[in-house]
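Asks: model this:
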Amino acid sequence: MKRHASLVWSGTGKEGNGKFTTESKSLDGIDFNWKSRFDVGAGTNPEELIAAAHAGCFTMKVSFLVNAINFTAEKLDCTCEITMEAGVISASHLKLVAKVPGISQEQFDKVVNESIENCMVTKVLNLTTTCEAVLEA
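Replies: Okay, the predicted model is just below:
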């Protein structure tokens, strides 16, 4: 399987503008510019897209592993925060709040740890990844 996305850019780095489009068209001509990346502005940026990819991959892995031990997640609410310092993406922090009826804390913790280790996006990012995981009653 291969997936693709594209960006068309015009202008300088600071005054120019780009438009992201993904193969699925989920993002279709989404603005990207200096303000959306380094300040406050409409549009998206690579760090935000990386955070979305990491949250998505990790959460789906949790869902698969929960199901593999015969439970079904009622809700998995995951947020990912990407840290960029001195021009380098240095860390990813996942925060998961889960509602999985019947699962024990020990089973849940094992699923979370295995999901962090085996999430494809975690592997490709190869940076410091931390996770706060809360199992709701």
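
Asks: And this structure, what are its domain boundaries?
Replies: According to automatic domain parsing, the chain is divided into the following domains: 5-38, 46-136.

Asks: Could you dump these into a markdown table and include mean pLDDT and mean neighbour count?
Replies: Placement of C-beta: from N, CA and C, glycine included. Output for these, formatted as a markdown table (pLDDT from 0 to 100; neighbours: other CB atoms under 10 Å):
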| stretch | mean pLDDT | mean neighbour count |
| --- | --- | --- |
| domain 5-38 | 95 | 14 |
| domain 46-136 | 97 | 16 |
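
Asks: now the helix or strand that contains residue 133, how far from the chain's geometric center?
Replies: Per DSSP states H and E, residue 133 falls inside strand 128-136. Relative to its chain's centre, strand 128-136 lies at 13 Å (CA atoms, centre = their mean, to the nearest Å).

Asks: got it, and stretch 124-137?
Replies: Counting by CA atoms, centre = their mean, stretch 124-137 comes out at 11 Å from the chain centroid.

Asks: ditto for stretch 52-64
Replies: For stretch 52-64, the distance to the chain centre is 7 Å (CA atoms, centre = their mean).

Asks: Stretch 100-114 too?
Replies: With CA atoms, centre = their mean, you get 20 Å for stretch 100-114.

Asks: what's it in contact with?
Replies: With contacts defined as CB atoms under 8 Å, 6 or more residues apart in numbering, stretch 100-114 is touched by 61-62, 65-66, 69, 71-74, 96, 98, 131, 133, 135.

Asks: quick revisit: partners of the strand holding residue 133 in the sheet?
Replies: Sheet pairing of strand 128-136 (DSSP bridges) gives strand 88-99 (parallel).

Asks: Following element in sequence after the partner strand, please.
Replies: Past strand 88-99, the next helix or strand by DSSP H and E is helix 105-118.

Asks: ok, residue 79 touching residue 59?
Replies: No - with contact defined as CB atoms under 8 Å, residue 79 does not count as touching residue 59 (10.0 Å).

Asks: part of a strand, is residue 76?
Replies: Yes - counting by DSSP: H, G, I helix; E, B strand; the rest coil, residue 76 is found in a strand.

Asks: I'd assumed residue 96 was in contact with it.
Replies: Yes - the criterion here is CB under 8 Å, and residue 76 meets it with residue 96 at 6.5 Å.
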